[in-house]
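*Asks:* A predicted structure for the sequence below; I have some questions about it.
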Protein chains: 2
Amino acid sequence: MVPGTTGKILRVNLTDRRVSVDEPDDLFYRRYLGGAGFIGYYLLKEVKPGTDPLSPDNILIFALGPMTGTPMPGGSRNSVGAKSPLSGGVAKSEVGGFFGYELKRAGYDSLIVEGRADTPVYLWIHDGEVEIKDARQLWGTTVLETQDAIEAELGERFVRTATIGPAGENMAGISCIITDLRNAAGRGGTGAVMGSKNLKSVAVKGRTVPQPADRDKFREMAQCMNRNYMNIGNAASFHEFGTGTAAAMIGGNSIGNLPVRNWGDGTFDEVAKITADAVKETVSVGMEACPACQVRCKKVVELENDSYKVDRRNGGPEYETLAAFGSFLGIDDLDAICRANELCSLYSLDTISTGGTIVFAMGCFENEILTPSDTGCLDLRFGNADAMLQAIDLIARREGIGDILADGSRKAAERIGRGAEEFSMQVKGVELGMHEPRLKQGLGLLYSVALNGGDHMVGIHDTAFTQEGAGMATVRQIGAMDPLPANDLSAAKVSMAKGYHLMRLFADSMVICHFVPWTLNQHVEMLRALTGWDFTAVEALKIGERVATMSRVFNLREGLTAADDVLPKRFFSPTPRGALKDTAIDPEAMSTAIHTFYNMMGWDPETGVPTQEKLEELGIAWAGSHIAVAS
Amino acid sequence: MVPGTTGKILRVNLTDRRVSVDEPDDLFYRRYLGGAGFIGYYLLKEVKPGTDPLSPDNILIFALGPMTGTPMPGGSRNSVGAKSPLSGGVAKSEVGGFFGYELKRAGYDSLIVEGRADTPVYLWIHDGEVEIKDARQLWGTTVLETQDAIEAELGERFVRTATIGPAGENMAGISCIITDLRNAAGRGGTGAVMGSKNLKSVAVKGRTVPQPADRDKFREMAQCMNRNYMNIGNAASFHEFGTGTAAAMIGGNSIGNLPVRNWGDGTFDEVAKITADAVKETVSVGMEACPACQVRCKKVVELENDSYKVDRRNGGPEYETLAAFGSFLGIDDLDAICRANELCSLYSLDTISTGGTIVFAMGCFENEILTPSDTGCLDLRFGNADAMLQAIDLIARREGIGDILADGSRKAAERIGRGAEEFSMQVKGVELGMHEPRLKQGLGLLYSVALNGGDHMVGIHDTAFTQEGAGMATVRQIGAMDPLPANDLSAAKVSMAKGYHLMRLFADSMVICHFVPWTLNQHVEMLRALTGWDFTAVEALKIGERVATMSRVFNLREGLTAADDVLPKRFFSPTPRGALKDTAIDPEAMSTAIHTFYNMMGWDPETGVPTQEKLEELGIAWAGSHIAVAS
């Protein structure tokens, strides 16, 4: 057994209530590692071609990594994966909190949920034991209510859960899975998959501590980071504010990074009202952390006004959420943003896709594609915070216009017609992260080609690599030698973006947080200390390649093609004002970059289909048979 | 300045006796590193297209690496490079001993020799000072005589030299450069380039010790290897016997690895007489080491018989030499092999190409393509040890048949005609190393595509990767997951061979010995400790790619094409007897593998021309203009 792992993959088939355990060999771990690697592997191997994402034949994977459950700062995360109801391809999302940490300590490296329970259930996994428990009485409750009810029923404290609220139960495509009340495995619609399985929650508790091969080295690295993180990169700022500082958001607004009114404006004058600094000065009641992490980047807010209150147990808004419910919608009401964030926690909605879908509706409404009669008189204008909060309720309950919006802007546009797709700003059905691809064109490339659509975590933020500094120090580790302009799309940029993306996919397989300022070398070093493998950074990127390539094959097999690797049209024109009023993406340069990316990945440069050569190189020749199915 | 380097590249132009120093910036070192990296860079940048290798316009580079001159075991080596008179492309060869070590301590990271002296000279480089000294009285002397004369003239002991003997003076294409009397920078004909410059020797002495950025870590690694090497890989055997043990050679003979009678036989019954064990039992007087290395793999022999004696100062035969003057020629006379080795040290001849050229002549002679009248009555039959020794003399002096053979078997075959090329077993004019490509087909691939022809150091020995074990542990570090048959040429094998080759080219840029059993991870770690860079294994392989790609561009520019990436025909048929009597290389499989290799290198899969995309990725877009010249 590989040190740091349990050697056990737990399977629960809800249809026949069968519980079983796989025990893969050591080389399986070295090849696929965990997290995103496991998701890529199991989806391709086990989900049959053409499976309806919301059918019992889909699987839902809570994939831990070797780092999960250890006391390494940033190592308390897990991935969640399934065939996505939004994209029809891979859904993959990482999440913090205590859930993954506790699941590992309960004895498992991953949990694969198959089938569908005939009535709502939750799982109770504790120190190796697995129980399938009745959740009929929990159906319809919020994530917070479910947490309390489960702890009460079990008579246990500190039970860690991954739970869906009403949005997940109602199989909203933009629903997510919430761990520990306030952390979201946000992207790709895994909440809907969980709902489709009649699985309300997974509750875990465990006491078996993973033992590193080199305990001293491992401990030393953890201690060293905990002593020094304040002096590295953005960690001090994360520690004080979390993401979305005034510096980042006001600065982002001034250079054009901040998304404003559905990427259709260029500047947001009220930005100062919605930054993490503003949060800290007004509604913040502190910061919270994942296990063993002293960065403590998670805002906690509490407030009460005439209309609503926000409970601190439901967390606070990250940058993505501040932007998605703020500038993106033209909203400067910080209370409302915090409340929207809370509603998403309670209902299990992805804040990015929820913001991105509401802004789509606002775009339609402002352009009279949606009318008050479509919206049930909801006045979906940019800047209307009340309408936003009401829309979130409607989406979670699938009521009125909410039913149309619940599956994200792409499907909503299809249902609405009348040119509505102009306002749907997503890739592969997944709304884009809150970073401007006209400014960061390498990021635009990755938005286009990433396995799971417009994920905000795909990788490179080009503005960090325009001159010597911490950014260049990072990418030099993957062999990128020279700074490049943010809007550059040369082969050098494609290579840098590709390398960065693969680093991310490796980290998502470890699984480890991107906000603890580890370097690639340190990731490799901690994995060596944990597992005892003589592991290298080369292998790290190969794991990233395996993830990207297995996922690519899955997507192709499920009907996605190179035509799906495309940004919304809007990005090929400048913003009407602001820093990017003269800057757009050149469609030809982006197309060239995309095909260069394919080629650099060992995929067919025209079609983006992985070559058999590359599959053999990656030691996943078995995936070739799935390409045959695709073509 | 990068710690561990001097920051200074010394240039000596012999035509106008101008001495100058370049001081490249830190990023230059991180991009090209040293050794093979510097050779790839400077040849492409500074040698004009179409330059005659033996003209003053060629350059001769003594390229050290960051590791050179440090007390790291294996770090006392250097590379030598030039445009090759054998291949017309890159000549690159690594060599041990004290020369590089001392040159670094004399204050320089490399020495580039330009132009041609009007009369013979030697260089005296000591503690930063450079003198161009008269060598007219040394011309025509052996390497040993030159060493003694220089020390006498300078009145110094422990002067370290890189010297040519008569073969180099006579610009024999198969001549090499000898450091410290017994170490050969063997391959590619750099001795002839040195001779063409009227440069007899470079003598060095220095006292400036390179200072690692992390001195404790660096020292700890060195000490750890010196304590433990006996327990790692083949090092204990290298320590006791050097290369070419009975186990290796008798075993190699039994599985078909040993070259016998110009790759035309399949087994050598007398193999036990010519192994390192036989050396140890008979003529050995001990083992010698490079600075700071306790592996001490270098045989020292001494003998006297009726016909000749062998002086211990001239070293002893490595495996390549035992094979090249032994089984390869059908010779089982160990005394004669040791004498041949000594003659090559004295005259500055590459033992592999010398054996390979004599065996070519023997093949021609046995088949009556050469007759006694061609050979001056030299009876060039397989097994004739006297004829071998006489041939070496003739080659060094360019007398009789020796003049034809002095430029290697390819040129000799061209001059002889009459189908002689059948017996010329080389790639790009460089005779193959003593490992059988029919058995080790990944090695056969690398022989075909390597920048410097049939170099024995190109990389992978497939037999080490057919099952789990130390070999797989090595290649798993480059992401190769699964053992493969030795004769496999799948994309997985190509990838493994490519990765291994790039590791070697990185090590040749560091510069560090392949016989000290460091892992890739340790190479990276020692470079980090030395330079202070946050360097990764990914960067290591990128440096390997840069070397291979710059050298490829150089070769293409100088007229080599994909048609030069081809093994001699003989390997596409089995041996008449022995372990490989039913095993040959499938020409189609090899051709596919070669084109797969091109593709995996980011070279055009048909033509092997590096794509501009790849050049940009590697941060060497400047090399593109040289491709334009090529096409």
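*Replies:* Now that the structure is in, tell me what you want to look at. Numbers count the residues shown, from 1 in each chain, chains lettered A, B, ... in the order given.
*Asks:* which phi and psi does whatever residue of the stretch 301-450 of chain A ends up closest to chain B have?
*Replies:* When scored by CB to the nearest CB, the stretch 301-450 of chain A has A:Gly442 as its residue closest to chain B, at 13.3 Å. All C-beta atoms are positioned from the backbone trio N, CA, C, and that covers glycine. The phi/psi pair for A:Gly442 (degrees, to the nearest 10) reads phi -70, psi -40.
*Asks:* list the residues that contact it.
*Replies:* For A:Gly442, the contacting residues are A:459-460, A:462, A:486, A:488-489, A:493-494, A:496-497, A:500, by CB atoms under 8 Å, 6 or more residues apart in numbering or on different chains.
*Asks:* not counting sequence-adjacent ones, nearest residue to it?
*Replies:* Counting by CB to CB, 6 or more residues apart in numbering or on different chains, A:Ala497 is the residue found nearest to A:Gly442 once chain neighbours are left out, at 3.9 Å.
*Asks:* next helix or strand past the helix or strand hosting the one you found?
*Replies:* Following DSSP states H and E, one finds A:Ala497 within helix A:491-510. Counting by DSSP H and E, the next helix or strand C-terminal to helix A:491-510 is helix A:520-531.
*Asks:* does at least one residue of that next one sit close to chain B?
*Replies:* Yes. Using CB under 8 Å from any CB of the partner chain, helix A:520-531 comes into contact with chain B via A:520-521, A:524, A:528.
*Asks:* what's the local residue count around A:Arg296?
*Replies:* Counted by other CB atoms under 10 Å in any protein chain shown, the residues lying close to A:Arg296 total 18.
*Asks:* how far away is it from A:Ala278?
*Replies:* 19 Å (CB to CB, to the nearest Å).
*Asks:* now A:Phe365
*Replies:* For A:Phe365, the distance to A:Ala278 (CB to CB) stands at 27 Å.
*Asks:* packing partners of the helix holding A:Ala497?
*Replies:* Using 3 or more CB pairs under 8 Å, 6 or more residues apart in numbering or on different chains; DSSP states H and E, the elements in contact with helix A:491-510 are helix A:35-46, helix A:441-449, helix A:470-476, helix A:520-531, helix A:537-557, helix A:587-600, helix B:612-617.
*Asks:* restricting to C-alpha, output the next helix or strand after the first one in CSV.
*Replies:* Sequence order places strand A:60-63 as the next helix or strand after helix A:35-46, per DSSP H and E. Once side chains and other backbone atoms are set aside, the C-alpha atoms of strand A:60-63 remain, and they are given as CSV (Å, rounded to 0.1, in the frame of the first residue of the first chain):
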residue,chain,number,x,y,z
LEU,A,60,-20.6,10.5,-8.8
ILE,A,61,-17.0,10.4,-7.5
PHE,A,62,-15.8,12.0,-4.3
ALA,A,63,-12.1,11.7,-5.2
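*Asks:* which neighbours does strand A:60-63 have in its sheet, and in what orientation?
*Replies:* strand A:78-83 (antiparallel), strand A:110-114 (antiparallel) (DSSP bridges).
*Asks:* neighbouring contacts of the shortest one?
*Replies:* Outside strand A:110-114, the residues that touch it by CB under 8 Å, 6+ apart are A:9-15, A:34, A:38, A:42, A:46, A:56, A:59-64, A:103, A:123, A:125, A:194, A:197, A:199, A:202.
*Asks:* chain center to it: distance?
*Replies:* 19 Å (CA atoms, centre = their mean, to the nearest Å).
*Asks:* hey, where'd the helices end up in the stretch 51-200 of chain A?
*Replies:* For the stretch 51-200 of chain A, the helices defined by DSSP state H, counting those that start in this stretch occupy A:99-105, A:143-154, A:166-169, A:190-196.
*Asks:* how about a markdown table for these, with distance to chain B, mean pLDDT and mean neighbour count added?
*Replies:* Below are these laid out as a markdown table (distance: least, CB to the nearest CB, whole Å; pLDDT from 0 to 100; neighbours: other CB atoms under 10 Å in any protein chain shown):
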| stretch | distance to chain B | mean pLDDT | mean neighbour count |
| --- | --- | --- | --- |
| helix A:99-105 | 25 | 97 | 29 |
| helix A:143-154 | 41 | 98 | 18 |
| helix A:166-169 | 37 | 98 | 28 |
| helix A:190-196 | 29 | 98 | 30 |
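*Asks:* so how far is A:Asp508 from the residue nearest the centre of chain A?
*Replies:* Residue closest to the mean C-alpha point of chain A, counted by CA atoms, centre = their mean, is A:Ser93 at 3.6 Å. A:Ser93 sits 9 Å away from A:Asp508, going by CB to CB.
*Asks:* swap in A:Met230?
*Replies:* A:Met230 is 25 Å from A:Asp508, by CB to CB.
*Asks:* more neighbours, these two?
*Replies:* Comparing A:Met230 with A:Asp508 by other CB under 10 Å, the one with more neighbours is A:Asp508, at 27 against 15.
*Asks:* so the more buried one makes contact with A:Gly81?
*Replies:* No. A:Asp508 is beyond contact range of A:Gly81, at 10.2 Å (criterion: CB atoms under 8 Å).
*Asks:* find the residues that touch each one of those two.
*Replies:* Counting by CB under 8 Å, 6+ apart, the shared contacts of A:Asp508 and A:Gly81 are A:36, A:92.
*Asks:* for chain B, what is the nearest residue in the stretch 101-250 of chain A?
*Replies:* Counting by CB to the nearest CB, the stretch 101-250 of chain A gets nearest chain B through A:Ile232, at 12.0 Å.
*Asks:* give me the below-cutoff pLDDT ranges for the stretch 501-631 of chain A.
*Replies:* Within the stretch 501-631 of chain A, the stretches with pLDDT under 70 are A:629-631.
*Asks:* one more time with 80
*Replies:* A:628-631 (pLDDT under 80).
*Asks:* re the thing from before, who does the residue nearest to the centre of chain A bridge with?
*Replies:* Judged by DSSP bridges, the bridge partners of A:Ser93 are A:Val80.
*Asks:* for it, which residues are in contact?
*Replies:* Contacts of A:Ser93 (CB under 8 Å, 6+ apart): A:79-81, A:176, A:184-188, A:190, A:452, A:455.
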